[in-house]
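# Quick one, what's the 3D model for this:
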Amino acid sequence: MNVKRTAIKMVVSLLFAPAITYAQKDTTKPKELKEIKLVGKKPIVEHLLDRTVIHTDALVGNAGGSALDVLSNAPGVEVDQNGTISLQGKSGVMVYIDDRPTYLSGQDLANYLNSLPASTIDRIELMTNPPAKYDAAGNAGIIVIRTKRIKERGFNGTATASYTQGKYARTVNSLNLNYRQGKLNISASLGFNDINTFNSSIINRYYDTSIHNFSPVFNQHSTTRRAFDSYSARIGADLYASEKTTFGIVLAGLLNNGTNRTGSTSLFEETNGQLDSTILADNRDDRTFDNGAINLNYRHAYDKKGWEHTIDLDYVTYRTQLNQRFLNTGNDTTLETGNLPSEIHIYSAKTDYTQPLKNGLTIAAGLKSSYTLTDNLADYFNVLQGVSIPDYTQTNHFLYHENINAAYVNANRDFKRLSLQAGLRLENTIAEGHQLGNPQVPDSSFNRNYTGLFPTAYAQYKLDSAGRQQIELNIGRRVDRPNYSQLNPFISPLDKFTFNTGNPYLLPTYSTNVELSYTYKKVTATLYYSYIRNKIDGLVQIVNGYYYNRPGNLDNTYDEGLEIDAEFDLTRWCNLFVYSRLMYQRTVSNFYTGPLDTRGVEWYVRPVLTFTPAKDWTFQLYGNYQTSLVVEQFVDGSREQVNAALSKKFGTKWTLRVVGNDPFYILKTTWRIGYLAGTEANYSNIVDSRNIVFSLTYRFGKAIKDQRKHEGNGAKSEEERAQN
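Numbering: from 1, shown residues only. Alright, predicted model coming up:
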């Protein structure tokens, strides 16, 4: 154990060692130059007026992973072991693919992103205060994942194959193709993943026996074996009808088949450790998930200065079939099954108009309308002596319709050193939910109709003519609408003692965000403040000793923090990038156990140490450390991880990458739950984080400079809120 701790300390010390990057020396011998090539290294982070850009290829450790792995490696973004994504330490993030929303959240979003190979991703854009062109949804902002576009004539592309060996083996593969001839351009991205992994957790609960009719101590150890394969495809075509007019179509789809099998042992004990009873569970989920989407787009550029008009029409559908089985043995044996099909259909249309004026001012305006229909059925049965008997306490059928109409206007202008941008977005939401009754549960329904104004403003001033120093201020207002399933009041079991349930009375969350940043060369420091009203979060409530995860609104939440990202080139062969955040969070609200007032401080740091000892060789050491944090009724434990990655290029065609993740196996998630009625609880979890990745990429084609870029479409945040 002492050797292991010493090794960890040595690696962590190395991560914080002074560092610098390699550059080849110029030859001093005079000779004739036939060609001049400007070669530059992409920075990991690039700050623009209204967003921060993460260049994913600058992080070797992204090789062989998925889109979710890429997000977890991005500075400022965190992904916990349940797949929940946060930005600046705040949840409520909307995720887009090429300006197209994923329309998912929670575990379904994690499954979707796990199905997309990292090799298809070009960059990530982080917008904590997105401009008015984007939907106002997402109180923490939005993350846009930009996929790679092959800019080559003829037929060309890239292929990537990767193999990961942890406790179990998995593989992630992708193929990007492009054909361009005359007025037609066709591109395609294909992906295949075969994933095998596990999740092991320990739950401890302590009951006050004067309140609950339970044994005072409950211990549960569960291990979930997870296996799934996924197939993803994206095919796009652009027809250049004229020099100014382009018509486009994009077809995208995903198929995911998987099985989760969970074995758990639950022990009820007396305070003196004497065993009262034991329950063994063998639970299984078989899931089929598919997604299809079509986008039709039109673009007319009136001139080369940015005067243009675009139209986007979208249709997106998600279908899920989940079959559950819960087998519990102990003093008695119970078997319960569940059949849970669900469908989501989203229709969207939007138009945008941009016109530069003679005085340097650019005006943009647009309209958007979206319509969403969801259909969720949950049929549960108790199986007695081979006969299935309906369980009407959990069986339900939930229908939800939502229409969002929006309009925006945005203006920006660049002066000699000053850049200004301001916008205003108007959104109206009309929603209707209906839970169909059964012999034991009556019908119920709800209606919502609300309108909001969402202003945004940005100012950037360069303190010197070269732009090495600059100050930026931005402010914006955001909204978080409840996920579709969060509004569904039905009860879904996780195991015999833990249940998920929705809340039809949820209100939308509104937040006001302010940021002030200062940049000097490659160092940026940002102060931020967020006030969040009616924040939606998953809260734990005790009912007759059973645990219910039920979303609720928290009255007032305050987030304050300081972010710093810095990149240093101190020598020719070593470079250091560091992202760090210090955050203070306070939540004040009424809670079902009484007033809730929690405060917490968190420090997060993520260094990346890059060595380039020779041409075409790159070696990186990177990791992260996060202190514990009080978040509402939870206390999240500290987390740490160390990784290493190696890249070698063979000419211009082949690249080999080898990544070692969590070699010391120190990544672990822990938390404690407070504000429970007569109960205390804590939790710990580990996953298959210690593994080695081998990734091989082959490229072919010839670059060009005139590839058309059209990434906008009408479907925005509606997909993000789809959760099953």
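# Where is the longest strand in this protein?
Counting by DSSP state E, the longest strand found in the chain is strand 275-301.
# Report the rounded mean pLDDT for it.
Throughout strand 275-301, pLDDT has a mean value of 94.
# in its sheet, what does it sit against?
Applying DSSP bridges to the sheet, strand 275-301 is found paired with strand 245-269 (antiparallel), strand 308-329 (antiparallel).
# Could you list the low-confidence segments of the stretch 151-300 of the chain?
151-153 (pLDDT under 70).
# and with 90 instead?
In the predicted model, the stretch 151-300 of the chain carries pLDDT under 90 at residues 151-158, 176, 178, 180-183, 189, 209-215, 243, 270-274, 276.
# What's opposite the residue nearest the centre of the chain in the beta bridge?
The centroid of the chain falls nearest to Ile85 when counting by C-alpha atoms, centre = their mean (4.3 Å). Beta-bridge pairing for Ile85 (DSSP bridges): Val79.
# Could you measure from it over to Val93?
For Ile85, the distance to Val93 equals 5 Å [C-beta to C-beta, to the nearest Å]. Every residue, glycine included, has its C-beta placed from N, CA and C.
# again, but for Tyr592
For Tyr592, the distance to Val93 - C-beta to C-beta - is 27 Å.
# what about the closest residue to Phe289 other than its chain neighbours, distance to Val95?
Nearest residue to Phe289 in three dimensions, chain neighbours excluded: Asn256, at 4.3 Å (C-beta to C-beta, 6 or more residues apart in numbering). Using C-beta to C-beta, Asn256 is found at 17 Å from Val95.
# Those two - which one has more neighbours?
With neighbours defined as other C-beta atoms under 10 Å, Asn256 and Val95 compare such that Val95 has more, 25 against 22.
# So that one: helix, strand or coil?
Look at Val95: counting by DSSP: H, G, I helix; E, B strand; the rest coil, its state is strand.
# Bridged to it, which residues?
Bridge pairing for Val95 - DSSP bridges - gives Ile143.
# Can you show me the strands along the stretch 301-450 of the chain?
For the stretch 301-450 of the chain, the strands defined by DSSP state E, counting those that start in this stretch occupy 308-329, 334-356, 361-384, 387-390, 396-414, 418-436, 444-462.
# where's the second one relative to the chain centroid, distance-wise?
Same thing as strand 334-356. 17 Å (C-alpha atoms, centre = their mean, to the nearest Å).
# returning to what we had before: please identify which of Tyr592 and Val93 sits among more neighbours.
Val93 (25 against 14).
# does that one really touch Ala140, like I thought?
Yes. Contact criterion C-beta atoms under 8 Å: Val93 and Ala140 qualify, at 4.8 Å.
# residues shared between the contacts of those two?
By C-beta atoms under 8 Å, 6 or more residues apart in numbering, Val93 and Ala140 have these common neighbours: 86-87.
# ok, back up a step: overlap in contacts of Ile85 and Val93?
Residues touching both Ile85 and Val93 by C-beta under 8 Å, 6+ apart: Ile143.
# pLDDT-wise, which helix or strand of this structure ranks last?
When each helix and strand of the chain is scored by mean pLDDT, DSSP states H and E, helix 2-15 comes last, with a mean of 44.
# after it comes which helix or strand?
The helix or strand immediately downstream of helix 2-15 is strand 45-47, counting by DSSP states H and E.
# Could you pull out the buried residues of that next one?
45, 47 (16 or more other C-beta atoms under 10 Å).
# please renumber so the chain begins at 434
Sure thing, new numbering starts at 434, so read that last one as strand 478-480.
# moving C-terminal of that strand, what's the next helix or strand?
For strand 478-480, the following helix or strand on the C-terminal side (DSSP H and E) is strand 485-488.
# Which one of the strands of the stretch 734-883 of the chain lies nearest to Lys954?
Proximity to Lys954 (C-beta to C-beta) singles out strand 877-895 among those, at 12.6 Å.
# Run the chain-centre distance for the closest one.
Centroid separation for strand 877-895 versus its chain: 21 Å, with C-alpha atoms, centre = their mean.
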